[in-house]
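Novice: Sequence and predicted model, in that order:
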Amino acid sequence: MKKSLSDMYLLGRKCLFCDRYGLYKLKDKRLKCKNCNKKYSIKKLKRDLEILYYFYLEISARRAANELKLNYKTVQSRFMDFRK
């Protein structure tokens, strides 16, 4: 079976949860690890990184939510997770 370039690219990437190689794409454009079976979305990871950046800059959750056009509760809960 011939693998596409995107599949070969994903095989070289590590899972964020178990830190092992072996990611593959699902039909719904999420990624899944073949080792720990965790599924995650690239869009959600990108959103969380943007929220983390605002947290690092010590910007309030309300201002971050306004600038990122996200729900305040979403940003606030991520800020609380980062504080743990």
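Specialist: Thanks, I have the structure now. Numbers count the residues shown, from 1 in each chain.

Novice: Find the centremost residue of this protein, please.
Specialist: Closest residue to the average C-alpha location of the chain: Leu45 at 1.6 Å, with C-alpha atoms, centre = their mean.

Novice: in terms of contact, does it touch Cys15 like I think?
Specialist: No: using C-beta atoms under 8 Å, Leu45 is not in contact with Cys15, being 11.8 Å away. In this view, the C-beta of every residue, glycine as well, is placed from N, C-alpha and C.

Novice: got the contact list for Ile59?
Specialist: Applying C-beta atoms under 8 Å, 6 or more residues apart in numbering to Ile59 gives the contacts Glu67.

Novice: Would you agree it falls within a strand?
Specialist: No: Ile59 is assigned coil when assessed by DSSP: H, G, I helix; E, B strand; the rest coil, not a strand.

Novice: which phi and psi does it have?
Specialist: phi -90, psi 140 (degrees, to the nearest 10).

Novice: domain assignment for the chain?
Specialist: Domain assignment of the chain by automatic domain parsing yields the ranges 5-40, 42-83.

Novice: mean pLDDT lowest for which of those domains?
Specialist: Among the domains of the chain, domain 5-40 has the lowest mean pLDDT, at a mean of 81.

Novice: for the top helix by length along the chain, which positions count as buried?
Specialist: Longest among the helix segments of the chain by residue count, using DSSP state H, is helix 42-56. Within helix 42-56, the residues scored as buried using 16 or more other C-beta atoms under 10 Å are 47, 50-51, 54-55.

Novice: Which parts of the chain are helices?
Specialist: 5-11, 42-56, 61-68, 72-83.
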